[in-house]
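> Please find the sequence and the predicted model below.
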Amino acid sequence: MQLYRQTLALPGVRTLMVLIFFARVPATAGGMVLTLQVAVGLEHGYGAAGTAGAVVTVGMALGASVMGRLIDRFGLRLVLVITMVGEALFWGFGSQLSYGALLVAGALGGFLELPAMSIGRQAIAALVPTELRRTAYSMDSVSTELSFMVGPAIAVLIATQFSTVTAMYAMAVAIVAVGSALLVVNPAVRSAEERATDTGERVPRRTWLRPRMVAVLVIAAGAVFILAGTEVAIVAELRSTDQLAYTGLVVAVWSAVSATGGIVYGALSRAPGQVTLMALLGLLTIPIGLASGSWWLLALALVPASALCAPTIAATGEEVSRLAPAGARGEATGMQSSAFTLGAAAGAPLVGFVVDHSSPAWGFAVAGVGGVAVAAAAALLIARQRRTARLAVPVPQRVP
């Protein structure tokens, strides 16, 4: 655990990890609050709630890279003010809107989402030297797992014990609170050396958004595709065997094993590459559906793939920080957030469709096969860049 001690001893890292965890809790609770408001508060059902969630997701996917680009050009504080005010207005007034108006506001609210998910990854690249970033990004992925365990649970608690309107207002208050805390702390998104050498010139996207970076983004989307699809398949499997009451316990085991895998990955001085992690995650997901009939068998079957979830996501953060220049880091991490969002948006409905027309076991299989296909596509992109780099090297001329 020496790598963790060294990382946490760096100036600002402890504060960053605590702050980012709390900043991400509202972000993880938002989807549940919106679902309950539409399905229960407005009594429009879960189909309409899914549509509202999809609209917000599209807004988030479009807004993440834009906000990252603004951070690169104008700094973090301006983006925090814009997104804090915009998102707080959505949650504060959203409970008073009709369903149609909520859809329109949701698209804008998603676009202006406070970039809590990407700020931590940018700050890690600024505060942590390259040799410790694997450990730092592993801690970040574990923190994200924990926030996803806490946020939705708090949302359900407030909505059921009080009302969905109260939950909407609580979201607005939470956004203002975490946004204000980030404004006060103002975590560095560039190191002192990077700021000293900054010329203010815009970094052309073509210089860093190359096949290898695209491969990282594809893997980021693929990892969350598997996670979102697996979650749907878990619920479907437990429902088919009349064990739906054990869903929370199975998901808790799934998340705990993922977090443990992230901790182990962060302690490694040498680790498998992101393509290998992605391929293994996909392959180990395919057979999960064979463990049917008992919730505890399903929980055990999830363990091998679960252990690779957090490491795969951490590996993408490490690669983005390595490949993106400091002047484009905000946009690159924003694209990574967009990739995560798009992966979730694709995984849940696709696996849900498969489950509806076949069985939960096929849902796991489709999620896993999708992951293997993503790993293959990423490997081809990386190979393409290597081949291009070799062709670009001039052949030395023989001197007679």
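Nice, I can see it.
> mind giving me the domain ranges of the protein?
Structural domains assigned to the chain are 1-192, 204-390, following automatic domain parsing.
> Identify the residues contacting the residue nearest the centre of the chain.
The residue at the geometric middle of the chain, judged as the C-alpha nearest the mean C-alpha position with Cα atoms, centre = their mean, is residue 340 (4.7 Å). By Cβ atoms under 8 Å, 6 or more residues apart in numbering, the residues touching residue 340 are 117, 220, 221, 224. (Glycine included, C-beta is placed from N, CA and C.)
> Inside helices: which ones of those residues?
Among those, the members found in helices (DSSP state H) are 117, 220, 221, 224.
> per-residue confidence for the closest residue to the third one other than its chain neighbours?
What sits nearest to residue 221 in space, not counting adjacent residues and going by Cβ to Cβ, 6 or more residues apart in numbering, is residue 343, at 3.6 Å. Turning to residue 343, the model gives it a pLDDT of 91.
> sorry, back to before: so can I have JSON lines of the ones in helices among the contacts of residue 340 showing distance to residue 232 and pLDDT?
Rendered in JSON lines, the data for these read as follows (distance: Cβ to Cβ, whole Å; pLDDT from 0 to 100):
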{"residue": "117", "distance to residue 232": "21", "pLDDT": "84"}
{"residue": "220", "distance to residue 232": "19", "pLDDT": "95"}
{"residue": "221", "distance to residue 232": "17", "pLDDT": "95"}
{"residue": "224", "distance to residue 232": "13", "pLDDT": "91"}
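> Between those, which sits nearest residue 329?
Nearest to residue 329 among these: residue 117, at 14.3 Å, using Cβ to Cβ.
> Could you pull out the buried residues of stretch 248-262?
Neighbour-count burial for stretch 248-262, with 16 or more other Cβ atoms under 10 Å as criterion, is recorded at 250, 251, 253, 254, 255, 257, 258, 259, 260, 261, 262.
> now these as TSV including secondary structure and pLDDT?
Supplementary listing: the buried residues of stretch 248-262 in TSV, determined by DSSP: H, G, I helix; E, B strand; the rest coil; pLDDT from 0 to 100:
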residue	secondary structure	pLDDT
250	helix	87
251	helix	83
253	helix	88
254	helix	89
255	helix	86
257	helix	92
258	helix	92
259	helix	90
260	helix	92
261	helix	93
262	helix	92
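> In a markdown table, list these along with distance to residue 204.
Listed next are the buried residues of stretch 248-262 as a markdown table, based on distance: Cβ to Cβ, whole Å:
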| residue | distance to residue 204 |
| --- | --- |
| 250 | 47 |
| 251 | 43 |
| 253 | 46 |
| 254 | 42 |
| 255 | 40 |
| 257 | 42 |
| 258 | 37 |
| 259 | 38 |
| 260 | 41 |
| 261 | 37 |
| 262 | 34 |
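> related to what we said a few turns ago, quick check: of the ones in helices among the contacts of residue 340, which has the highest neighbour count?
Using other Cβ atoms under 10 Å as the neighbour criterion, residue 220 leads the ones in helices among the contacts of residue 340 with 30 neighbours.
> So, low pLDDT: which residues of the stretch 101-250 of the chain?
199-200 (pLDDT under 70).
> quick one, helices of it?
Listed in chain order, the helices of the stretch 101-250 of the chain (DSSP state H, counting those that start in this stretch) span 116-127, 133-161, 164-185, 192-196, 211-240, 247-266.
> Which strands or helices does the third one pack on?
Using 3 or more Cβ pairs under 8 Å, 6 or more residues apart in numbering; DSSP states H and E as the contact criterion, the secondary-structure elements in contact with helix 164-185 are helix 13-36, helix 76-94, helix 116-127, helix 133-161.
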